Structures are given as structure tokens and as C-alpha cells.
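A structural model of the following input is requested.
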Amino acid sequence: MSIKIQTPITEEKSISLHAGDSVLLSGTIYVARDAAHKRMIEALDEGKELPIDMKDATIYYMGPSPAREGQVIGSAGPTTASRMDKYAPRLLDLGEKAMIGKGKRSPQVIDAIIRNKAVYFAAIGGAGALISKCIKKSEVVCYDDLGAEAIRKLEVEDFPVIVVIDSEENNLYETAVLEYQMI
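This next block holds a predicted model:
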């Protein structure tokens with residue numbers, strides 16, 4: 001059974017989630033990949049404001065393909081999260097509460113998740129066309145010059161994710177391997 005959650009993901013919501021939980025997200029999430037993360041960190045280093053409010057934000061690591069006629073967005077599958085690992089701790093410290101991607105995270109990101117009572121979700125890789133059906137609205141909010149790597153604001157409904165790393169340091173990638181080895 002899936003847990004239905006409306007964004008923004010507050011600390012109260014994030015600490016209620018546990019590694020292995022199946023979640024259906026609805027509400028606003030943001031899309032940002034490598035280039036957008038780099039630009040946000042550069043803006044912070046220059047003392048500038050970020051183009052999006054990080055408080056209780058959810059960032060999806062995804063680069064959409066162009067929308068076909070009549071669609072909101074093209075294929076919208078997750079990208080490898082570790083490419084954002086050098087940027088994620090700083091954004092988590094600014095209030096970001098959730099990240100969506102695929103793959104393992106560095107010890108520094110895991111520490112930041114715990115310190116900030118945040119959560120890391122995995123979306124199913126290879127299911128971008130299916131996931132795109134959960135996206136009801138998409139608009140570029142900044143860094144338009146980055147093309148597919150621009151920051152987008154998405155409105156999603158019942159967007160399927162799995163809690164991989166929770167605020168208590170439980171890590172599904174580790175526990176699932178242990179369970180498998182015991183078989």
C-alpha cells in the first residue's frame with residue numbers, strides 16, 4: 001500500500017517516512033540536474049538569492065525529453081543522483097527536504113539527510129514515459145539557457161517513488177542487499 005503525500009514535504013512529513021515505504025507524491029516539485037545545481041551553488045558563493053525557495057522543497061533529478069503534441073512533458077525518468085552529491089548537502093542545509101533520483105548517495109549526502117531530517121526517494125529508472133503521465137503541469141522557472149537542464153516547476157499527481165534513505169539513516173540499498181544475502 002502506498003502512502004499519499006502532498007508537497008511541500010515538511011520535517012513532520014519527512015520524519016514519518018521510512019526506508020522501503022512506497023509513496024505517491026502530489027503537488028509541486030522542482031527539476032534540477034548537474035548544470036542547474038552548479039549554477040545554484042555559484043549563486044550562493046556570490047551571495048545571490050536562489051531562483052527557488054529551498055524551504056521544504058523537493059528536487060527531482062531529471063532531464064525531460066521534449067513533449068509530443070498534446071502532452072505536458074516528454075519522457076521524465078530519473079537521472080543518477082550521485083552526480084548532484086557535491087551540491088546536495090549545501091541545499092539540504094538551506095531547507096530542501098526531499099530529493100528524487102536513482103542510485104546510491106555519498107556519505108556526505110547521507111549525513112546531510114540525517115542532520116536536516118530529510119529524505120531521499122528513488123523513482124523507477126527506465127519508466128520515464130509512464131512517470132510522465134503523473135506530471136500535470138511543467139514550466140521552466142529559471143536557467144532557460146540550460147535547455148533540458150533548466151530548473152522546472154512541476155505539478156504532479158500520484159507520482160510514484162520509494163523511500164531509499166530516511167531521516168534515521170536507514171538505507172534501502174543496504175538493507176535490501178542484506179535481506180537478499182540471507183535467502
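
Look through every helix and strand of this protein and give the one with the lowest mean pLDDT.
When each helix and strand of the chain is scored by mean pLDDT, DSSP states H and E, helix 172-181 comes last, with a mean of 73.

Heading C-terminal from the longest helix seen in the chain, find the next helix or strand.
Longest helix in the chain by number of residues, with DSSP state H as the criterion: helix 34-45. Downstream of helix 34-45, the first helix or strand assigned by DSSP states H and E is strand 58-60.

Contacts for that next one next, please.
Contacts to strand 58-60, defined as C-beta atoms under 8 Å, 6 or more residues apart in numbering, come from residues 7-9, 25, 28-32, 78, 91, 96-101, 123, 154. All C-beta atoms are positioned from the backbone trio N, CA, C, and that covers glycine.

which parts of the next helix-or-strand element following it are buried?
Downstream of strand 58-60, the first helix or strand assigned by DSSP H and E is helix 88-93. The neighbour-count check on helix 88-93 (16 or more other C-beta atoms under 10 Å) flags 88, 89, 90, 91, 92 as buried.

May I see those residues organised as JSON lines, with pLDDT and distance to residue 15 added?
Putting the buried residues of helix 88-93 into JSON lines (pLDDT from 0 to 100; distance: C-beta to C-beta, whole Å) gives the following:
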{"residue": "88", "pLDDT": "98", "distance to residue 15": "19"}
{"residue": "89", "pLDDT": "98", "distance to residue 15": "19"}
{"residue": "90", "pLDDT": "98", "distance to residue 15": "21"}
{"residue": "91", "pLDDT": "98", "distance to residue 15": "19"}
{"residue": "92", "pLDDT": "98", "distance to residue 15": "14"}
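
Show me which of these is closest to residue 57.
residue 91 (8.2 Å; C-beta to C-beta).

for that closest one, what are its contacts?
So residue 91 contacts 37, 40, 54, 59 (C-beta under 8 Å, 6+ apart).
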